[in-house]
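Visitor: Okay, structure incoming, though there's no sequence with it:
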Ligand code: XMP
């Protein structure tokens, strides 16, 4: 596979010469018919393919397109056409990226981007790639443009801007810029520092110097909507109902009469996975719930209740708390904690699965961001970090299972939509993410029963107050951390020496970046009062006002 991809690598220094693109450019100018989208028969698969040049925003591009109800996938820039063709592409988006087109060996667009006569948008570096490959000129911008700008649209009839005002705020982040457009292209919009902020030709190829995918371009969604509907002619058939029907069908075909096992964590991902698999293969699915003793207060009871009572699923419950606590005795290094918890989980899982007979398949709730992180051609620092988290605590490498991963192409918010469409209880669907190693990475220093109880009590209060304030759903995560620090306080006439609890609440779209939530002071006051009054051994509460980066979400 690796070799196959290598052989398709297209870069300035490789065997596909720039002259090849100039030939294509000529063709694009010449006899080819002016681009016109062809409507699909209803229900047919349609995909917008995003070519990955390593932009930090490329997952956002995929999300924005999917928000228009059109399926979208991110692929490495050197993916061969045969793989792309299986997606039935209706258009391409070339992502931004850190490179500069004239540097040796930089990623460029494969020839099919221009040869298939499908619409294309190049964003930032993607635009420069189009300009460079089709015979224009790119130069290092005199000013590095970073931040807000006002885009002035200088054309009246471009479908990309249908329904938009003539001036709109956009987000810029680039050094290089186009100084000469390729033949056949026109400038469609400008900003103060970029005379060619948008270019396009009449074959449906566009370049945008700004980033329509980020929240700082508030009308960006309309641009994507115009692209997918007006220019690519998509139907918008990416819906939870369609996804559910297709997944069940696929799982049925994959598993046949085989048996599958699924480990439930209590979170929405494994719940949706298990439900889809159960709808597909019924009793041939066995669900295992391992209580590692590191869960929140009342969590094990809640999980069992929901699945057994509400969803009528049979669950094998294993209380392995003591085993995990024993392994963690005396351990203070966070990586070691993760490692031991992951290892112990595998042991328990193997032992319990062996008791239940032979399984051919393992169902897992892997999500799209994890898949992208491990498959992207151009790895970023951020993705490397997250990956190390998610690999730890994964499931038995030694055990020879085939994987069922129905959520492999979904983002968290899409999983929630699917969960609701499957009629899972709202409380489960809207559960905030919770790390596999559980409260162990929210206790700094040694994990003991006493410390777990303190953290559970504080965490319960945070969750309770956040829910009462009706903020639970809109926050990505909110929780308490037992910092391990002790400080002096005074209670009544007594001097105290107690634990410091930190409260963390963040907003995020995908956990790659996060902003600390501006919780109302009154709410923080209530949380703090209740924690110091109700939780023994805690005499001080602080609120974490750090974003990610530079901090992480968890304290560890
Ligand atoms: P950080 O702390 O790296 O966390 O900003 C990013 C997101 O990942 C979750 N997280 C984990 N999830 N196993 C998991 O399943 C882990 O070991 C793990 N560590 C962090 C964290 O809660 C946040 O949502």
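Guide: Here it is on my side, so go on. Quantities reported herein were computed from a predicted structural model and do not represent experimental measurements.

Visitor: In three-state terms, label the residue in the stretch 101-250 of the chain that the ligand sits nearest to for me.
Guide: Nearest residue of the stretch 101-250 of the chain to the ligand (Cβ to the nearest ligand atom) works out as residue 215 at 19.4 Å. Every C-beta, even on glycine, is put in place using the N, C-alpha and C of the backbone. Following DSSP: H, G, I helix; E, B strand; the rest coil, we place residue 215 in the coil state.

Visitor: Residue 114 too?
Guide: Going by three-state DSSP: residue 114 is helix.

Visitor: Now do it: how many residues are near it, please.
Guide: Neighbour count of residue 114, defined by other Cβ atoms under 10 Å: 23.

Visitor: That one and residue 134 touch, don't they?
Guide: Yes - using Cβ atoms under 8 Å, residue 114 is in contact with residue 134, at 7.2 Å.

Visitor: Please point out which parts of the lengthiest strand in the chain sit buried.
Guide: Counting residues, the longest strand found in the chain (DSSP state E) is strand 137-153. Across strand 137-153, burial judged by 16 or more other Cβ atoms under 10 Å covers 138, 141, 145, 149, 151, 153.

Visitor: Now do the nearest residue to residue 321 once chain neighbours are set aside against the ligand, distance only.
Guide: Distances taken as Cβ to Cβ, 6 or more residues apart in numbering place residue 293 nearest to residue 321, at 2.8 Å, with adjacent residues excluded. Counting by Cβ to the nearest ligand atom, to the nearest Å, the gap between residue 293 and the ligand amounts to 16 Å.

Visitor: Now residue 293: phi and psi?
Guide: phi 80, psi 10 (degrees, to the nearest 10).

Visitor: Now for residue 103, how many residues are close by?
Guide: Using other Cβ under 10 Å: residue 103 sits among 10 other residues.

Visitor: Residue 135 too?
Guide: For residue 135, using other Cβ under 10 Å, the count is 20.

Visitor: Do you know the pLDDT at residue 400?
Guide: Looking at residue 400, its pLDDT stands at 75.

Visitor: Beyond the longest helix along the chain, next helix or strand please.
Guide: Identified as the longest helix of the chain according to DSSP state H is helix 334-355. Toward the C-terminal end, the helix or strand that comes next after helix 334-355 (DSSP states H and E) is strand 361-363.

Visitor: Would you enumerate the residues in contact with the closest residue to residue 88 other than its chain neighbours?
Guide: Excluding the flanking residues, the one nearest residue 88 by Cβ to Cβ, 6+ apart is residue 45, at 4.7 Å. Taking Cβ atoms under 8 Å, 6 or more residues apart in numbering, we find residue 45 in contact with 71, 87-88.

Visitor: 10 Å instead?
Guide: By Cβ atoms under 10 Å, 6 or more residues apart in numbering, residue 45 lies in contact with 71, 86-90, 237-238, 242, 246.

Visitor: So which of those residues wins on neighbours?
Guide: Neighbour-wise, the contacts of residue 45 (other Cβ under 10 Å) top out at residue 90, 24 neighbours.

Visitor: Could you check how far the residue nearest to residue 321 is from residue 322?
Guide: Residue 293 sits 7 Å away from residue 322, going by Cβ to Cβ, to the nearest Å.

Visitor: ok, now residue 447?
Guide: Residue 447 is 13 Å from residue 322, where distance means Cβ to Cβ.

Visitor: same deal with residue 371?
Guide: In terms of Cβ to Cβ, residue 371 sits 35 Å off from residue 322.

Visitor: And residue 555, by the same measure?
Guide: To residue 322, residue 555 is 25 Å away according to Cβ to Cβ.

Visitor: Pick out whichever of these two has more residues nearby.
Guide: More neighbours surround residue 555 than the other of residue 555 and residue 322, with 18 against 10 (other Cβ under 10 Å).

Visitor: For the residue lying closest to the more buried one once chain neighbours are set aside, report the pLDDT, please.
Guide: Once flanking residues are discounted, residue 555 sits nearest to residue 481: 4.6 Å by Cβ to Cβ, 6+ apart. Note for residue 481: predicted pLDDT of 98.

Visitor: so residue 122 is in which element?
Guide: Short version: residue 122 belongs to strand 120-123, going by DSSP H and E.

Visitor: Show me which residues of stretch 421-434 are buried.
Guide: In stretch 421-434, counting by 16+ other Cβ under 10 Å, buried: 421-422, 424-425, 428-429, 431-432, 434.

Visitor: just stretch 468-481 next, same as before
Guide: Neighbour count says stretch 468-481 has 469, 471-472, 475-481 buried, by 16+ other Cβ under 10 Å.

Visitor: gap between whichever helix or strand comes after the strand holding residue 122 and the chain center?
Guide: Counting by DSSP H and E, the next helix or strand C-terminal to strand 120-123 is helix 125-133. Put simply, helix 125-133 sits 26 Å off its chain's centre (Cα atoms, centre = their mean, to the nearest Å).

Visitor: re earlier: could you dump the contacts of residue 45 into CSV with distance to residue 351 added?
Guide: Shown next, in CSV, are those (distance: Cβ to Cβ, whole Å):
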residue, distance to residue 351
71, 40
86, 40
87, 41
88, 45
89, 46
90, 49
237, 45
238, 41
242, 40
246, 35
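
Visitor: In CSV, list these along with pLDDT.
Guide: Output for these, formatted as CSV (pLDDT from 0 to 100):
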residue, pLDDT
71, 95
86, 94
87, 95
88, 95
89, 97
90, 97
237, 90
238, 92
242, 91
246, 92
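
Visitor: And what about whatever residue of the stretch 1-150 of the chain ends up closest to the ligand, helix, strand or coil?
Guide: At 14.0 Å from the ligand, residue 59 is the closest residue in the stretch 1-150 of the chain, using Cβ to the nearest ligand atom. Here residue 59 is recorded as helix under three-state DSSP.

Visitor: Please look at it and residue 367 and confirm they touch.
Guide: No - taking contacts as Cβ atoms under 10 Å, residue 59 lies outside contact range of residue 367: 11.1 Å.

Visitor: residues shared between the contacts of these two?
Guide: Jointly contacting residue 59 and residue 367 under the rule Cβ under 10 Å, 6+ apart are 411, 510.

Visitor: Can you identify each of the helices in the stretch 1-150 of the chain by residue range?
Guide: 2-7, 18-29, 58-67, 81-85, 112-115, 125-133 (DSSP state H, counting those that start in this stretch).

Visitor: same deal with the stretch 351-500 of the chain?
Guide: Secondary structure of the stretch 351-500 of the chain, counting by DSSP H, counting those that start in this stretch: helices at 368-375, 381-391, 412-421, 426-429, 449-468.

Visitor: least reliable of those going by mean pLDDT?
Guide: For the helices of the stretch 351-500 of the chain, mean pLDDT drops lowest on helix 381-391, to a mean of 39.
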